[in-house]
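Colleague: Please work out how this folds:
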Amino acid sequence: MEQFLKSTPLLNYHEKEISDLICSREWNKLDEYDKIGAIYEFVQNEILLGYNKYDNLTAVQVLHDGIGQCNTKAILIMTLLRAVGIPCRLHGTKVTKVFQRSLMPKIMAKLAPPLIVHTWAEVYYNGEWLSLEGVITDKAYIAGLQKLFPEYKGKFFDYAVAVKDFNNLQIDWNGENTTVQQQALVEDLGVFDSPDEFYCKYNQEYKGLKKFLYENIGRKIMTRKVAKIRKSVK
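Modeller: Below is the predicted model of the structure:
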């Protein structure tokens, strides 16, 4: 388990902001199950779903942004888990862009590569590796989607959600796998000791003008759309 507890440049839990956060929340005083649950709750609902400029941000940079998507939330939750002595690793995949179509500006939907790099954290608990992918979408956003689609049942494949059953979401930590986007999976890239290792091999296939448009325009529009849906329940 030692390699799954290491600090890395992206998972630098020695940063003061990380240690101060853990101290203020008193996570180290909890038992293993509740450590995972409290950190999961924080990353899920206090770091709201939104689109960062880059995937390979450090945990501190994600905290500063105050928002996160699959890849950046994976980095943050892994950093916090390792900081309190919980082993974790990264699972890398590629997913179809189609399940985000209603959040994407039309120009981005056309320019984006068909497959998008997608990762989630896996935690070692009770003798097995468990997916923490459900941490990606905050509950306020999910409540907004459910208000937008009050009678929807069964498979849901849009608005950054890809699940078998929209009325039976598995996004709460209860000692089992959580998932919210895995139904969009097209290619499994395997597991990695750290996101640093993963991003040495894989990156989003945005280049040139496409990269510029996403980083400076597209992601901001997508984040505003998510916020609008979230605010609809207030």
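Colleague: quick one: the most far-flung residue of the chain relative to its centre and residue 18, what's the gap?
Modeller: The centre of the chain is farthest from one residue, residue 151, which by C-alpha atoms, centre = their mean lies 26.7 Å away. Distance from residue 151 to residue 18, counting by C-beta to C-beta, to the nearest Å: 43 Å. Placement of C-beta: from N, CA and C, glycine included.
Colleague: what's the answer for residue 131, then?
Modeller: Look at residue 131 and residue 18: by C-beta to C-beta, they are 23 Å apart.
Colleague: Who has more neighbours out of the two?
Modeller: Taking neighbours as other C-beta atoms under 10 Å, residue 131 and residue 18 compare with residue 18 leading, 22 against 18.
Colleague: Tell me where the protein has strands.
Modeller: 48-49, 67-68, 88-96, 115-125, 128-131, 156-158, 161-163, 185-192 (DSSP state E).
Colleague: Contacts only, for the closest residue to residue 141 other than its chain neighbours.
Modeller: Spatial nearest neighbour of residue 141, chain neighbours left out: residue 230 (4.7 Å); criterion: C-beta to C-beta, 6 or more residues apart in numbering. Contacts of residue 230 were listed using C-beta atoms under 8 Å, 6 or more residues apart in numbering, and they are 48, 49, 138, 140, 141, 143, 144.
Colleague: Could you list which of these belong to helices?
Modeller: Counting by DSSP state H, these place 140, 141, 143, 144 in helices.
Colleague: In those, which residue is surrounded by the most others?
Modeller: Among the ones in helices among the contacts of residue 230, residue 141 has the most neighbours (other C-beta under 10 Å), with 24 neighbours.
Colleague: so it touches residue 48, yeah?
Modeller: Yes. Under the criterion of C-beta atoms under 8 Å, residue 141 makes contact with residue 48 at 7.1 Å.
Colleague: Need the overlap of contacts for these two.
Modeller: In contact with both residue 141 and residue 48: 226, 230, using C-beta under 8 Å, 6+ apart.
Colleague: Now do the residue most central in space within the chain against residue 24, distance only.
Modeller: For the chain, the residue nearest the mean C-alpha position is residue 70 (2.6 Å; C-alpha atoms, centre = their mean). Distance, residue 70 to residue 24, using C-beta to C-beta: 26 Å.
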